[in-house]
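Chemist: need a 3D model of the following:
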Amino acid sequence: MTGVQYRVVFGKKDEVIEGSNDAALVITVGAADALGDPTSLYMQGKLKATGSSGSLFELLRSGEVSAVLKRLASRP
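Modeler: Residues are numbered from 1 along each chain as shown. Predicted coordinates for the structure are as follows:
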């Protein structure tokens, strides 16, 4: 995998982004949902991902997605 970009959306044109713009996997979630379980959010359609679903599932199992989203959602 060449990289992951995480996006936590707080509002229109207000989002926190971590990762390269040419990432192979882009994960997007609203700030209100970012503290929830990312696997459940994906199943509910609240967490969006573009790119390899296999890579997404691997990251969900590792716990990395949850940790990064929580950190980005708690911006100062």
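
Chemist: low-scoring stretches of the protein, by residue?
Modeler: 1-2, 76 (pLDDT under 70).

Chemist: any idea which element the residue nearest in space to the middle of it lies in?
Modeler: In the chain, the centroid-proximal residue (CA atoms, centre = their mean) is residue 27; its distance is 3.6 Å. According to DSSP states H and E, residue 27 maps onto strand 25-30.

Chemist: partners of that strand in the sheet?
Modeler: Here strand 25-30 has these sheet partners by DSSP bridges: strand 4-11 (parallel), strand 47-50 (antiparallel).

Chemist: format those as CSV; extra columns: mean neighbour count and distance to residue 31.
Modeler: C-beta here means a position set from N, CA and C on the backbone, and glycine is covered the same way. CSV is the format used below for the strands paired with strand 25-30 (neighbours: other CB atoms under 10 Å; distance: least, CB to CB, whole Å):
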stretch, mean neighbour count, distance to residue 31
strand 4-11, 18, 5
strand 47-50, 18, 12
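
Chemist: to residue 67, which of the ones you listed lies closest?
Modeler: Judged by CB to CB, the one of the strands paired with strand 25-30 that comes nearest to residue 67 is strand 4-11, at 10.3 Å.

Chemist: and the residue lying closest to residue 4 once chain neighbours are set aside, how many residues sit next to it?
Modeler: Leaving aside its chain neighbours, residue 4 sits nearest to residue 25 (4.8 Å; criterion: CB to CB, 6 or more residues apart in numbering). Using other CB atoms under 10 Å, residue 25 has 21 other residues around it.

Chemist: just give me how far the strand holding residue 27 sits from the chain centre.
Modeler: Remark: strand 25-30 is offset 4 Å from the chain centroid, using CA atoms, centre = their mean, to the nearest Å.
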